[in-house]
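J.: quick one, fold the following:
(chains A, B and C)
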Amino acid sequence: MPEFPEVETTRKSLESKVLNRTFVDVWTDEPKIIKKDWSSFRKEIIGKKIVRIWRKGKNLIFDLSGGLSMLTHLKLTGHYLYDRWNEKDPMNSFVHAKFILDNGKTLALSDLRKFAKIELKKKEEIEKDLEKIGPDPFQIGSEEFEAKIRKKRGKIKQVLMDQTVVSGIGNIYSDEILWESNVHPERKTADISEKEMQDIYKSSKKILKKALEAGGTSISDFRNTEGIKGKFGEIKKAYGREGQKCFRCSSLIKRKKIGQRSAHFCPSCQKL
DNA sequence: CCGATGACCTGACCGC
DNA sequence: TGCGGTCAGGTCATCG
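T.: Next up is the predicted model:
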């Protein structure tokens, strides 16, 4: 599920709720989510305090006491839930990991497809693993953004989603950003004009900011830590709108496979 | 080094 | 109702 807006929504919420809490117990019914031998994971994490919660791209990292960090990647369908959440929503029922905190409350990971991963390593090791992840659009200026994008040859949609180039953008927001910029997803990075690059840069920040303010997108399974949906799905312009009218020109939105993913775009506003 | 392709999983939905 | 196919906010390993 999660791209920048969903992960950041989760991060902010967890920061306000579980920062400075200590793990007193852990549970899982799907040990493969934890990329470490379960008994050593359990032994190492119990008694550790959460001292910082940060994000790099789509990765969510809990720095713990004792020089350890716990990295979580929610992949397609993972989301964190805390304390008392909306249990009527079936999407909140795929809980495969639970952390019991020293205030007696539970931090849970619900993940329908079980792709999420949790790693526990030394802080420096986690940081090293994340070196390959590029900056998100808010961390760089337009010149650096353009330089990074141009350096990678290929179709703009795929390059925008390449986490080593720029991070935080996935399938939904790349479609939204390119629609907003009037750029066809298959345009080659080398052939995009400077003006268009500026538009893509500005749109990236605009769309991600808007989506964050809306609490993310919950077309399928994303929920915040209270188990509630985000609202960006109600105002998206391209993703998932195949066959519906473009909000700018009324042409019908098209869907096309690019790489392995579905791209949604307006064939008349976004020309090849 | 690069791109293309499957693998990892489960559930929803659509057409017959 | 049931079956089979397709699709899904993401990465990884492997192969040519």
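J.: contacts and neighbour counts: CA atoms only from here.
T.: Will do.
J.: quick one: name the residues of chain A near DNA strand C.
T.: Residues of chain A found near DNA strand C (CA under 7 Å from any atom of the strand) are A:1-3, A:6, A:58, A:75-77, A:115, A:161-163, A:169-172, A:216-222, A:261-262.
J.: now, which of those residues lie close to DNA strand B?
T.: residue A:115.
J.: now, the residues of chain A next to DNA strand C that are in helices?
T.: A:6, A:161, A:171-172 (DSSP state H).
J.: restricted to buried residues, select the residues of chain A next to DNA strand C in ChimeraX.
T.: To isolate the buried members of the residues of chain A next to DNA strand C in ChimeraX, using 16 or more other CA atoms under 10 Å:
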select /A:1,2,3,6,58,75,76,77,161,162,163,169,170,171,172,216,217,218,219,221,222,262
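J.: check contacts around residue A:166.
T.: A:133-137, A:145, A:148-149, A:160 (CA atoms under 8 Å, 6 or more residues apart in numbering).
J.: could I get the pLDDT score of it?
T.: Turning to residue A:166, the model gives it a pLDDT of 97.
J.: figure out the helix or strand that it lives in.
T.: For residue A:166, there is no helix or strand it lies in under DSSP states H and E.
J.: what's next to stretch A:198-210, contact-wise?
T.: Taking CA under 8 Å, 6+ apart as the rule, stretch A:198-210 contacts A:4-5, A:137-138, A:142, A:145-146, A:173, A:176-178, A:180-181, A:232.
J.: which of these sit farthest apart?
T.: The span of those, defined through CA to CA, is set by A:146 and A:232 at 26.4 Å.
J.: of the two, who's got more company?
T.: Taking other CA atoms under 10 Å, residue A:146 and residue A:232 do not tie; residue A:232 has more neighbours (21 against 18).
J.: pull the contacting residues for the more buried one.
T.: A:210-211, A:214-218 are the contacts of residue A:232 under CA under 8 Å, 6+ apart.
J.: again, but for residue A:5
T.: A:208-209, A:211-212, A:215-217.
J.: looking at the stretch 1-150 of chain A, which residue is nearest DNA strand B?
T.: For the stretch 1-150 of chain A and DNA strand B, the shortest gap (CA to the nearest atom of the strand) falls at residue A:113, measuring 4.0 Å.
J.: quick one: contacts for that residue?
T.: Counting by CA under 8 Å, 6+ apart, residue A:113 has contacts A:76-78.
J.: can you put those in TSV and add pLDDT?
T.: Output for the contacts of residue A:113, formatted as TSV (pLDDT from 0 to 100):
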residue	pLDDT
A:76	95
A:77	96
A:78	96
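J.: can you report how many residues lie near residue A:175?
T.: The burial count for residue A:175: 26, using other CA under 10 Å.
J.: repeat for residue A:177
T.: 27.
J.: tell me which helix or strand comes right after the helix ranked longest in chain A.
T.: Secondary structure of chain A per DSSP H: the longest helix is helix A:194-213. Using DSSP H and E, the next helix or strand after helix A:194-213 towards the C-terminus is strand A:254-258.
J.: out of the contacts of residue A:113, which is nearest to DNA strand C?
T.: Of all the contacts of residue A:113, DNA strand C sits closest to residue A:76, with 4.4 Å by CA to the nearest atom of the strand.
J.: look up phi and psi at that closest one.
T.: phi -80, psi -40 (degrees, to the nearest 10).
J.: what about it, distance to residue A:224?
T.: 15 Å (CA to CA, to the nearest Å).
J.: same thing with residue A:241?
T.: With CA to CA as the criterion, residue A:241 and residue A:224 are 24 Å apart.
J.: residue A:73 bridge partners, please.
T.: residue A:59, residue A:117 (DSSP bridges).
J.: thinking again about what came up before, quick one: which two of the contacts of residue A:5 are the most distant?
T.: Taking CA to CA, no two of the contacts of residue A:5 sit farther apart than A:209 and A:217, at 12.3 Å.
J.: quick check, pLDDT for residue A:1.
T.: 61.
J.: nope, residue A:33 is what I meant
T.: Per-residue pLDDT puts residue A:33 at 96.
J.: residues near it, how many?
T.: Around residue A:33 there are 20 residues (other CA under 10 Å).
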